[in-house]
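Asker: Sequence first, then the predicted structure:
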Amino acid sequence: MGLLLAPPLIQSYGWESVFIIFGFLGIAWFLAFQFVKDGEPSAGGASTSGHLFFSEKNSWIGSLEELEGSLKDVPWKAFFKSKAVWAMIYAHFCGSWGHYTCLSWLPTYFSEELSLNLTEAAWVSVLPPLASIFVTSIAAQLADYLITKGVDTARVRKTCQTISFLSPTSCMILSSLDLGLPPWEVVTILTGGLALSSFALSGLYCTHQDISPEYASILLVSDVNILKRNF
């Protein structure tokens, strides 16, 4: 929605309007959620606000204490001595770098290199994520099918991740060559390549669960934090 709304706002009211309007939408979203209460009713009926406050506070404190205790049991040293964990971090870094680069620069590329106006560039920038929805369902079914047929899980993950990396790389190189292709053919090539990058959901993003089901969430969060420091 942001990609579609921003260009007409910029064309009509200037680039500042995007920040102002999206900022006010965020405030409105926040205020709307203040009217949504998810409290447990007391035995006699409706809960009082004081009862809700203290029950929520106690629940929050209990959750923090439980989290602190569980983090002490995580085998951090074993994680970061594992080649598989570092391979995941490396793959995560490469994938995220490419993803956010495309997310940031595709509209500019469509506008400046393919001579599309802002609105047209926004519409075609929406195509890759829409195509990814379709590709993701195929990738998931294919990966599960191969595993049920006895193909080694690690091989399936590596194959899916290879498709995820090589497809957008090949398509971006192809689109950068001066082959005299019309803009919409270049858009189609890029859309197909970026959609195939969704194979990572059956590759990298399943590997945490494969390696350590008990600590899969911790492994993923560790990946993300290391990525933030690198970015």
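Answerer: Received it, and whenever you're ready, just let me know what you need. Numbers count the residues shown, from 1 in each chain.

Asker: so where's the protein shaky on pLDDT?
Answerer: 37-71, 222-231 (pLDDT under 70).

Asker: and if we set it to 80?
Answerer: Counting by pLDDT under 80, the chain shows low-confidence ranges at 3-4, 36-74, 76, 103-104, 107, 111, 116-122, 220-231.

Asker: since we're on the nearest residue to Thr136 once chain neighbours are set aside, how many residues are nearby?
Answerer: Leaving out its chain neighbours, the residue that sits closest to Thr136 by CB to CB, 6 or more residues apart in numbering is Ser198, at 4.5 Å. All C-beta spots, glycine's among them, are computed from the backbone N, C-alpha and C. For Ser198, the tally of surrounding residues (other CB atoms under 10 Å) stands at 26.

Asker: Please apply the same query to Leu194.
Answerer: Neighbour number of Leu194 under other CB under 10 Å is 24.

Asker: got the contact list for it?
Answerer: Leu194 makes contact with 102, 128, 131-132, 168, 171, according to CB atoms under 8 Å, 6 or more residues apart in numbering.

Asker: Give me the subset of those residues that lies in helices.
Answerer: Residues of the contacts of Leu194 located in helices (DSSP state H): 102, 128, 131-132, 168, 171.

Asker: Name the SS class of Leu116, please.
Answerer: Using DSSP: H, G, I helix; E, B strand; the rest coil, the structure places Leu116 in coil.

Asker: Please determine how far it is located from Trp184.
Answerer: Per CB to CB, to the nearest Å, Leu116 is found 10 Å from Trp184.

Asker: which non-adjacent residue is nearest Val74?
Answerer: Per CB to CB, 6+ apart, closest to Val74 is Ile218, 5.5 Å.

Asker: secondary structure element for Tyr205?
Answerer: helix 204-211 (DSSP states H and E).

Asker: got the CA coordinates for that helix in PDB?
Answerer: Extracted in PDB, the C-alpha atoms of helix 204-211 (Å, rounded to 0.1, in the frame of the first residue of the first chain):
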ATOM      1  CA  LEU A 204      17.400 -20.700   4.900                       C
ATOM      2  CA  TYR A 205      14.300 -19.900   6.900                       C
ATOM      3  CA  CYS A 206      13.600 -23.600   7.600                       C
ATOM      4  CA  THR A 207      17.200 -24.400   8.600                       C
ATOM      5  CA  HIS A 208      16.900 -23.000  12.100                       C
ATOM      6  CA  GLN A 209      14.200 -25.500  12.900                       C
ATOM      7  CA  ASP A 210      16.100 -28.400  11.200                       C
ATOM      8  CA  ILE A 211      19.300 -27.700  13.200                       C
END
